[in-house]
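# I'd like to go over a predicted model; first the sequence, then the structure.
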Amino acid sequence: MNILNTQNQKHHHSSTKHKKKRLTEGQVKLLEASFDADKKLDPERKFHLARELGVPPRQIAIWYQNKRARWKNQSLEVDYNSLQRRLETALSEKRQLEKEIDNLRGELKRAHDMLLVSQVCPPPVSSLSSYCDEGSSSLNDDGRCSWPIVDQTLQFQELYACLMMGEKDQTVRASNWIE
């Protein structure tokens, strides 16, 4: 007898499933407007919508549950796309900074190499005077460089300062200085 009752219940349950009617376009629009106003469905509103649309309150609750799930997935997709764009921007900036670091390392290596070369073989005085410019504090009254070859520490500090400040015309003069 239990088997018969179970089969009857399954048949009855499946037949009630098929009786659930599909929502019309107008009903869906009304539910969409209600959902846009408030994503949560309180019991009073559920019964009000059910009466207004002529469907069971359970169908309204299920529609809201499904709509919230779709809405959450759409929100996650929008968030994902936004994060993806931010990641791409950050990676692009990272690549740009890595290039800048490589350039700076190259400049630092060239400056270091210039220092090593000049320690082994100091430049002639004529090379030093071509390195100095009108704004340098190392000029004599006649406009010539007053650095003594023996005191290369000041030369290196000024050369290093030139390279670090990024003054291109002085960097060019500094590279000419070691040639």
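Looks like it arrived, so ask away.
# the longest helix in the protein is where?
helix 57-120 (DSSP state H).
# now that one: mean pLDDT?
What helix 57-120 shows for mean pLDDT is 92.
# go on, stretch 37-47?
Mean predicted lDDT for stretch 37-47 stands at 92.
# quick one: terminal-to-terminal distance for it?
With C-alpha to C-alpha, to the nearest Å as the measure, stretch 37-47 spans 17 Å from end to end.
# Other residues contacting it?
The contact list for stretch 37-47 (C-beta atoms under 8 Å, 6 or more residues apart in numbering) reads 34, 57, 60-61, 64, 68, 71. In this view, the C-beta of every residue, glycine as well, is placed from N, C-alpha and C.
# now for the longest helix of the chain, which elements pack on it?
When contacts are defined as 3 or more C-beta pairs under 8 Å, 6 or more residues apart in numbering; DSSP states H and E, helix 57-120 sits against helix 25-37, helix 43-53, helix 152-165, helix 168-178.
# Give me the buried positions along stretch 56-69.
By neighbour count on 16 or more other C-beta atoms under 10 Å, the buried set for stretch 56-69 is 59-60, 63-64, 67.
# which of these lies closest to S82?
Closest to S82 out of these is K67 (22.3 Å), distances taken as C-beta to C-beta.
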